[in-house]
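Predicted model and sequence below, questions to follow.
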Protein chains: 2
Amino acid sequence: MRNGKGLIIGVDLGGTKMHAAAVDEAGKVLASERAKTLPEEGAEAVIGRIAGLIGNVAGALGASASDVQAICIGVPGGVNDAEGMVDKAPNLGWEKVPLASLLAAQLGGGARIFLDNDVRVAVLGEHAYGCGRGTQTMVGIFVGTGIGGGLVVNGRLHLGSRGAAGEFGHMVLDPNGPRCPCGKRGCAEALASRTSIERDVRKMIEKGHKSSVLKLMKKEGRPRLTSSVVARALEDGDKVMTKVFARAQHAVGLLVGNMVNAIDPEVVVIGGGLAERLGESMVAPIREVAYRHFLLQRDRDKVRIEATALKDSAAPLGAAFVARMRLTGAPAPSRHATAPSAND
Amino acid sequence: MRNGKGLIIGVDLGGTKMHAAAVDEAGKVLASERAKTLPEEGAEAVIGRIAGLIGNVAGALGASASDVQAICIGVPGGVNDAEGMVDKAPNLGWEKVPLASLLAAQLGGGARIFLDNDVRVAVLGEHAYGCGRGTQTMVGIFVGTGIGGGLVVNGRLHLGSRGAAGEFGHMVLDPNGPRCPCGKRGCAEALASRTSIERDVRKMIEKGHKSSVLKLMKKEGRPRLTSSVVARALEDGDKVMTKVFARAQHAVGLLVGNMVNAIDPEVVVIGGGLAERLGESMVAPIREVAYRHFLLQRDRDKVRIEATALKDSAAPLGAAFVARMRLTGAPAPSRHATAPSAND
């Protein structure tokens, strides 16, 4: 890595923003930069911005894009890493985009480019460098516009027989619950994602409950409820948000309790935008509900339930970790990555 | 194993019956015998019967109890294998029974005696010699008086950080569902165990629905609903049992769907008395519900959902497998086994 040679860069490509970081072997961020994704400008423009971000990160270390040895991009959707292809990324509006070759053409250097799913790389980041460091068994639950996750067993990401493990957001918690985008009723995602929180807040307001949430959203000028609006409304003591958010926390607590009864991990990490912003104040009630649901109450404190330690660096750190592993010959971790984005 | 030397015997110690089998390395049962447990006669009498069973199995192979090299007993409760102690086995009425030393005294030979939980050894049996043979990831769900289970990941039983993994019966499927013995509402066990089926059948009869189930139970002379009465009532087209059983199958299907979305195993094995007796006719509707709940529909047939292949030999075969592994130095699989019995 002298003179910037052999740089490893992890990229979190979200529907709203992108974030690239050069990371050393110990998980130290050497340089990083964020940019807006602006997917409405098309894939070429987005990929140009990724290339620019990578050039800037390398530049900050006195290097250039051609000095980069390997890049891994965490994509909000399904990827085929062997073909360097993004199969489908709804938040980007992408289908069958040959991201690796288009980016290579823009960069012009000889960097190896790997693709993976954004939630999975975030889980791997937390395991390699965050809350899960040194653990054998970790459950990662990422609450965003959806709910995604990942499972580490025996110190390694568990992919499952079809590469589809970790879809904790689509475990049914209440068969009579609200409809989920997947078509089922009462999935964790239908009860506790930011999308579900927004749905329930709007419903209560329509019913005549007073709330400042719509005003806060208007002020922010974003079409959908963001983590910062949730945080602001909770700070303000907005009654509707307080009630809706508590219900979402309860659902996540139930999900965590179920996962602990099934898997008995050392640590459960709650990530995604809400957990990044609210931290322990989001997780404390989740932990309380989860603990009540453990069948084995003995040593329940040994199962740590924590907010993401790496916050929005989990995905770029994890992506850099994947790039490093892949360079040393570890197999592609996710041929069939299908997890929806829950990060941005 | 010539002249019976080096025999390995697995024992399934249930609340109702016990079952011992001498098993060779390939999983072939060389000799086996069953007996009633009669726990009401006290631990000494039960342990005497276990010793007798082991002597008979050895005898059938022209050997004696002193020729037995190793025994593993699957116990319906929690064990401390290092101390040879049954911590608690409610179905036997046992607490702190030093099973290994008491059995060794009765046998008089030098056999190594290992203890494990009955559900776990049954899961290991199915993995080593049954439905799960050769798989890396397997979920075992045993429906009995309760619902227990076990999880194989990377080809090995996953115990979890506190040895408490596999409690699938205590994953909440409906927060408004009926009360579970564990205190929570709507656990899988509270919706689909044989105990829950009996509760729902009695409730419908009390409400005036016509059913022959109570008559069948009386004829059998057992205080609780058995798998054979369930099977008979279903064969007879008993409307109450048909309805209640379909609801239980739906709940198990939901549980399987949830586990597949989380773990994406190669195979899900449904075991326990009901599955042993009803086989595919029990599992077909479970599979249908589960498939509907998979988030990833692609290659869904690759996730096999099957009734136990080994039936009531799963536990003795698995116990023999554990004994063999332990002789070769594999670590104790379950220091904190806590799963309730779901086998008998």
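Right, received. Where do you want to start? Numbers count the residues shown, from 1 in each chain, chains lettered A, B, ... in the order given.

Give the helix, strand or coil label for the closest residue in space to residue A:198 that isn't next to it in sequence.
The shortest distance from residue A:198 to any non-neighbouring residue, by Cβ to Cβ, 6 or more residues apart in numbering or on different chains, is to residue A:225 (3.8 Å). Quick note: C-beta positions are derived from backbone N, CA and C, even for glycine. Three-state assignment for residue A:225 (DSSP: H, G, I helix; E, B strand; the rest coil): coil.

what number of residues lie near residue A:225?
When neighbours are defined as other Cβ atoms under 10 Å in any protein chain shown, residue A:225 has 23 of them.

Who are the contact partners of it?
A:194-195, A:197-198, A:201, A:213, A:217 (Cβ atoms under 8 Å, 6 or more residues apart in numbering or on different chains).

Show the pLDDT at it.
Looking at residue A:225, its pLDDT stands at 97.

Same question for the one 10 residues further on.
Per-residue confidence (pLDDT) for residue A:235: 97.

quick revisit: make CSV out of the contacts of residue A:225 and add distance to residue B:55, secondary structure and neighbour count.
As requested, the contacts of residue A:225 are arranged in CSV below (distance: Cβ to Cβ, whole Å; DSSP: H, G, I helix; E, B strand; the rest coil; neighbours: other Cβ atoms under 10 Å in any protein chain shown):
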residue, distance to residue B:55, secondary structure, neighbour count
A:194, 65, helix, 23
A:195, 65, helix, 18
A:197, 65, helix, 21
A:198, 69, helix, 19
A:201, 70, helix, 25
A:213, 74, helix, 23
A:217, 77, helix, 20
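
can you state the direction angle for the one helix or strand residue A:258 maps to and helix B:239-263?
Per DSSP states H and E: residue A:258 is located in helix A:239-263. Interaxial angle, helix A:239-263 versus helix B:239-263 (axes from the mean of the first three to the mean of the last three Cα atoms, to 10 degrees): 90 degrees.

Find the least confident helix or strand in chain A, judged by mean pLDDT.
Least confident helix or strand, chain A: strand A:78-80 with a mean of 92, by mean pLDDT, DSSP states H and E.

so does that strand get close to chain B?
No: using Cβ under 8 Å from any Cβ of the partner chain, strand A:78-80 stays clear of chain B, with a minimum separation of 9.6 Å.

At the contact with chain B, which residues of the stretch 1-150 of chain A appear?
A:136-137.

What is the three-state secondary structure of residue A:86?
Classification of residue A:86 by three-state DSSP places it in strand.

I'd say it and residue A:76 touch.
No: with contact defined as Cβ atoms under 8 Å, residue A:86 does not count as touching residue A:76 (9.3 Å).

more neighbours, those two?
More crowded of residue A:86 and residue A:76, by other Cβ under 10 Å: residue A:76, with 33 against 25.

you'd agree the more buried one is up against residue A:116?
No: the criterion here is Cβ under 8 Å, and residue A:76 misses it with residue A:116 at 11.1 Å.

so where is the stretch 151-300 of chain A shaky, pLDDT-wise?
Within the stretch 151-300 of chain A, no stretch has pLDDT under 70.

tell me which parts of it are close to chain B?
The stretch 151-300 of chain A comes close to chain B at residues A:151, A:153-154, A:156, A:158-168, A:170-176, A:182, A:184, A:254, A:257-259, A:261-266, A:292-293, A:295-296, A:298-299, as judged by Cβ under 8 Å from any Cβ.

For residue A:75, what are phi and psi?
When read as degrees, to the nearest 10, the backbone of residue A:75 gives phi -110, psi 140.

For it, list the residues it contacts.
A:13, A:86, A:89, A:92, A:99, A:115-118.

Would you point out the most distant pair within those?
Largest separation among the contacts of residue A:75 by Cβ to Cβ: A:92 and A:116, giving 15.0 Å.

Between residue A:86 and residue A:76, which contacts overlap?
With Cβ under 8 Å, 6+ apart, residue A:86 and residue A:76 have common neighbours residue A:92.

mean confidence for whatever helix or strand residue A:50 lives in?
Per DSSP H and E: residue A:50 is located in helix A:43-60. Averaging pLDDT along helix A:43-60 yields 97.

to the chain's geometric centre, what's the distance from that helix?
How far helix A:43-60 lies from its chain's middle: 21 Å, per Cα atoms, centre = their mean, to the nearest Å.

What is it packed up against?
With contacts taken as 3 or more Cβ pairs under 8 Å, 6 or more residues apart in numbering or on different chains; DSSP states H and E, helix A:43-60 sits against strand A:7-13, strand A:17-23, strand A:29-36, strand A:68-75, helix A:99-107.

what's in contact with that helix?
Residues contacting helix A:43-60 (Cβ under 8 Å, 6+ apart): A:4, A:7, A:9, A:11, A:13, A:18, A:20-22, A:31-39, A:64-65, A:67-68, A:71, A:73, A:92, A:94, A:97, A:99, A:102-103, A:106-107.

give me that answer again for 7 Å
For helix A:43-60, contacts defined as Cβ atoms under 7 Å, 6 or more residues apart in numbering or on different chains pick out A:4, A:7, A:9, A:11, A:13, A:18, A:20-22, A:31-33, A:35, A:37-39, A:64-65, A:67-68, A:71, A:92, A:94, A:97, A:99, A:102-103, A:106-107.

re the thing from before, quick one: mark the members of the residues of the stretch 151-300 of chain A next to chain B that sit in helices.
Counted as lying in helices by DSSP state H, out of these, are A:254, A:257-259, A:261-263, A:292-293.

so which pair among those is furthest apart in space?
Using Cβ to Cβ, the two most remote members of those are A:263 and A:292, lying 17.7 Å apart.

In terms of packing, which of the two has more residues around it?
residue A:263 (26 against 14).

Once you drop chain neighbours, what's closest to that one?
residue B:165 (5.5 Å).

Skipping adjacent residues, who's closest to residue A:294 in space?
residue A:300 (5.2 Å).

What is the neighbour count of the one you found?
16.

Distance of it relative to residue A:293?
10 Å (Cβ to Cβ, to the nearest Å).

Ramachandran angles for the residue of the stretch 101-250 of chain A found nearest chain B?
Residue nearest to chain B within the stretch 101-250 of chain A: residue A:160 (2.4 Å; Cβ to the nearest Cβ). Note on residue A:160: its backbone torsions stand at phi 90, psi 170 [degrees, to the nearest 10].

Count the neighbours of it for me.
23.

ok, now residue A:268?
Neighbour number of residue A:268 under other Cβ under 10 Å is 28.
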